[in-house]
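S.K.: Here is a sequence with its predicted model. Questions after.
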Amino acid sequence: MKIIVNATANDSRGPLSVTMSFLKELNENQHFLETNKISLYVIVSHPTLLQYSSNNIEILLEKFPKKSVFHKFLYERFILPKKINEENFDAYLSLQNLGISHIAINQYVLVQTSLPIANINFSEISPNLYIKYRIFLLKLFRRELSKYTAVFVQTKWMKEGILDKCKKIDNRRVMVIKPPANDIFSLNDPLPTEILNKLQKNSHTTKLIYPTNQDSYKNNEFLIEGIKKYNGNASEKVTLYLTVEGEDTEYIKFLGRIPYSSMYLAYLEVDALVFSSLTETVGLPLVEAQNCGLPCIVADLPYAQEVCGTNGFYFDPRSINSFVNALKKYLNEKDNFSSIVTKYDSESYLSYIDHITKDLRKNSTSIGSK
């Protein structure tokens, strides 16, 4: 059974991490691939992924589609379909939100961005992301998703959002497979000295960390203003640590990017996680923080509600007063939550391949019985 996987768009940040975790897990399940006689051909654009090649997994490095939007169109409109049709693949899996046209085999697509379906305004997202995701990708979702054999999503709220935005798609074709979280306790490489020194200062304050980036929908400025407003009248001060670059003030510290392999030690240095993003598919830091026993002060949005449940201190991510009130509630009740450790109910990246192989066998059986 030959399955071709396209991950050429996933060359940075979250999408690259998903592809890496997908390949790592499949490598750790070689017996499954061998037993089921599965050969995977995975097309990537980041050379670090070549390390996951094995007897059953052939990693193909292809940088052509990353040269420009035109090159991506040319590759997925003509070059890749020709390769698939000539080499008799049994199924196509896209890890990058959309499938391709002009192939006659079953297609499966992982939708791993929430931006097209989130309740987010033009002013809350950069213009280029708005055009790319809220206009073009949403239009393609509405036109294409119903054509695929199955669409994989990572949370229930994502499934509900896709069904709401894409009226033509059959509910049974959208499958929720929760991504596995990395073993947070293994991410214990020493922190860079500069980051560790910052985290260990302000020991007289309550420390909150926000793993974030500079995208406007991450809502960093909102959070900074909320901390300033709270600290202005509070006797018990709070220090906010953000994983982006910036100019430090007394209670706002910019850590820059923390190596992911050191995140467990970063969580150990703080009292709670704060998370103000206006949209996420899952928000894996929410999972990681809970696994470390950290309370979570989070945006009152579907992604956080699904991951944190009753463990979250919720606030309206568009209301500074709501955030300040949630922060006060956490500070008043934190002693009751300091030892919470939750178990994240996840599935496996192997589930994508398992579902595809079962589909193919079922179709093969039904054809043979006719």
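M.R.: Cool, got the structure.
S.K.: Would you confirm that I162 contacts V151?
M.R.: Yes. Applying CB atoms under 8 Å, one finds I162 in contact with V151, separated by 6.9 Å. Where you see a C-beta, it was placed from the backbone N, CA and C, and this is true even at glycine.
S.K.: Comparing the two, which residue is more hemmed in?
M.R.: Neighbours were tallied for I162 and for V151 using other CB atoms under 10 Å; the higher tally belongs to V151 (27 against 22).
S.K.: and for I162 and V151, which residues touch both?
M.R.: Jointly contacting I162 and V151 under the rule CB atoms under 8 Å, 6 or more residues apart in numbering are 111, 145, 169, 174.
S.K.: can you name the two of those residues that are farthest apart?
M.R.: By the measure CB to CB, V111 and I169 form the most distant pair in those, at 11.0 Å.
S.K.: what is in contact with these two at once?
M.R.: Joint contacts of V111 and I169 (CB under 8 Å, 6+ apart) are 145, 151, 162.
S.K.: hang on, the earlier thing: look at V111 and I169 and report which has more neighbours.
M.R.: V111 (25 against 19).
S.K.: measure that one to N321 for me?
M.R.: In this view, V111 and N321 are 35 Å apart by CB to CB, to the nearest Å.
S.K.: Could the C-alpha coordinates of the worst-scoring helix or strand of the chain on mean pLDDT be exported in PDB?
M.R.: When the helices and strands of the chain are compared on mean pLDDT, DSSP states H and E, helix 350-368 comes out lowest with a mean of 80. Provided in PDB are the C-alpha atoms of helix 350-368 (Å, rounded to 0.1, in the frame of the first residue of the first chain):
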ATOM      1  CA  LEU A 350      -0.600   7.100  13.600                       C
ATOM      2  CA  SER A 351      -4.400   7.400  13.600                       C
ATOM      3  CA  TYR A 352      -4.300   9.300  10.300                       C
ATOM      4  CA  ILE A 353      -2.500   6.400   8.500                       C
ATOM      5  CA  ASP A 354      -4.600   3.800  10.300                       C
ATOM      6  CA  HIS A 355      -7.800   5.400   9.200                       C
ATOM      7  CA  ILE A 356      -6.600   5.700   5.600                       C
ATOM      8  CA  THR A 357      -5.500   2.000   5.400                       C
ATOM      9  CA  LYS A 358      -8.800   0.900   6.800                       C
ATOM     10  CA  ASP A 359     -10.600   3.000   4.200                       C
ATOM     11  CA  LEU A 360      -8.600   1.600   1.400                       C
ATOM     12  CA  ARG A 361      -9.200  -2.000   2.600                       C
ATOM     13  CA  LYS A 362     -12.900  -1.400   2.900                       C
ATOM     14  CA  ASN A 363     -13.100   0.000  -0.600                       C
ATOM     15  CA  SER A 364     -11.000  -2.900  -1.900                       C
ATOM     16  CA  THR A 365     -13.200  -5.500  -0.200                       C
ATOM     17  CA  SER A 366     -16.500  -3.900  -1.500                       C
ATOM     18  CA  ILE A 367     -15.100  -3.700  -5.100                       C
ATOM     19  CA  GLY A 368     -13.900  -7.300  -4.900                       C
END
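S.K.: Could you pull out the buried residues of it?
M.R.: For helix 350-368, the neighbour count (16 or more other CB atoms under 10 Å) marks 350-357, 359-360 as buried.
S.K.: from these, which is closest to K37?
M.R.: Nearest to K37 among those, counting by CB to CB, is T357 at 9.3 Å.
S.K.: follow-up on the earlier one: tell me the one among the shared contacts of I162 and V151 nearest to K329.
M.R.: Relative to K329, the closest of the shared contacts of I162 and V151 is V111; by CB to CB it sits at 34.3 Å.
S.K.: For the stretch 151-300 of the chain, which segments are assigned as strands?
M.R.: All strands of the stretch 151-300 of the chain, identified by DSSP state E, counting those that start in this stretch, fall at 174-176, 206-210, 238-242, 252-254, 272-275, 296-299.
S.K.: quick one: the third one to chain centroid distance?
M.R.: When distances are taken as CA atoms, centre = their mean, to the nearest Å, strand 238-242 is centred 23 Å away from the chain's centroid.
S.K.: Kindly calculate the angle that it makes with strand 206-210.
M.R.: 20 degrees (axes from the mean of the first three to the mean of the last three CA atoms, to 10 degrees).
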